[in-house]
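**Q** Return a 3D structure for these sequence lines:
(one chain, ligands or ions: 2)
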Amino acid sequence: MQFLHTMLRVGDLERSIEFYTNVIGMKLLRRSENPEYKYSLAFLGFEANPHQAELELTYNHGVTEYDMGNAYGHIAIGVPDAYAACEAVKKAGGNVTREAGPVKGGTTVIAFVQDPDGYKIELIERKDMASAGTGLR
Ligand SMILES: C[C@@H](O)C(=O)SC[C@H](NC(=O)CC[C@H](N)C(=O)O)C(=O)NCC(=O)O
Ligand code: NI
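**A** Numbers count the residues shown, from 1 in each chain. Ligands and ions are numbered 1, 2, ... in the order given. Have a look, this model is predicted:
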C-alpha cells in the first residue's frame with residue numbers, strides 16, 4: 001500500500017493553487033471538474049504519485065469558507081533549511097506563524113506557515129534533503 005494524498009476543502013481554488021505553487025513551490029499536477037456534484041479538484045505536490053504523496057484541494061462551488069474546528073493539526077513538508085524556507089515564504093507573500101527554531105524540548109528545527117484558508121503547514125528541516133534539490137523557492 002501507499003499513502004496517496006491528503007484532502008483539504010478550500011474556499012477559493014485559484015487562490016490556493018497560487019499559494020501552493022508560488023509560495024510553497026509545489027507543482028499543479030492535475031485538475032478535475034465534477035459539474036454534476038458541483039465541485040472542482042486540484043492535485044498538487046513536489047512529485048506525482050507514486051513518487052510522493054499529493055495534496056488534493058476540493059472546492060465546493062459557492063462555498064467560500066469552512067468552520068475549521070480544533071481537530072486539524074498540519075501537513076508537514078521537509079525542507080533543507082527551515083530558516084531560508086521561512087524567508088522565501090515571506091518574500092513570496094506567505095504568512096509564517098512560527099519562525100524557524102528547535103521544536104520545544106527537542107533539536108529538530110521546525111517552522112509553521114498558514115495557507116489562505118488557515119490550514120497550518122509545518123516546515124521540518126531535513127539536512128538529508130539538501131542534495132535532493134527539494135525545498136521552497
Ligand atoms: C479524487 C478522489 O481523491 C476524491 O477524493 S473524490 C471523492 C469525492 N469527493 C467529493 O465528493 C468532493 C466534494 C464533497 N462535497 C466534499 O466536500 O467532500 C467523495 O468524497 N465522494 C463521496 C462518495 O461517497 O463518492
Ligand atoms: Ni481523495
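**Q** counting contacts, what elements does the top helix by length along the chain pack onto?
**A** Under DSSP state H, the helix in the chain containing the largest number of residues is helix 82-91. Taking 3 or more CB pairs under 8 Å, 6 or more residues apart in numbering; DSSP states H and E as the contact definition, the neighbouring helices and strands of helix 82-91 are strand 95-102, strand 109-114, strand 120-125. C-beta coordinates here come from the backbone N, C-alpha and C atoms, glycine included.
**Q** residues in contact with the first one?
**A** Here strand 95-102 makes contact (CB atoms under 8 Å, 6 or more residues apart in numbering) with 82-83, 85-86, 89-90, 108-114, 120, 123, 125.
**Q** With the second one instead?
**A** Contacting residues not belonging to strand 109-114 are listed as 23-24, 74, 82-83, 85-86, 89, 94-103, 120-125 [CB under 8 Å, 6+ apart].
**Q** And the helices in this protein?
**A** Assigned by DSSP H, the helices in the chain fall at 13-18, 82-91.
**Q** Which among those helices is found nearest to Ala53?
**A** In this view, these are compared for proximity to Ala53 by CB to CB, and helix 13-18 is the closest at 17.1 Å.
**Q** How far does that closest one sit from its chain's centre?
**A** Its chain's average C-alpha position is 11 Å from that of helix 13-18, according to CA atoms, centre = their mean, to the nearest Å.
**Q** on contacts alone, who are the packing partners of it?
**A** Judged by 3+ CB pairs under 8 Å, 6+ apart, the packing partners of helix 13-18 are strand 39-45, strand 54-60.
**Q** Give me the contact list for the last one.
**A** Spelled out, that is strand 54-60. Counting by CB under 8 Å, 6+ apart, the neighbours of strand 54-60 from elsewhere in the structure are 4-13, 16-17, 20, 26, 29, 38-45, 48, 75.
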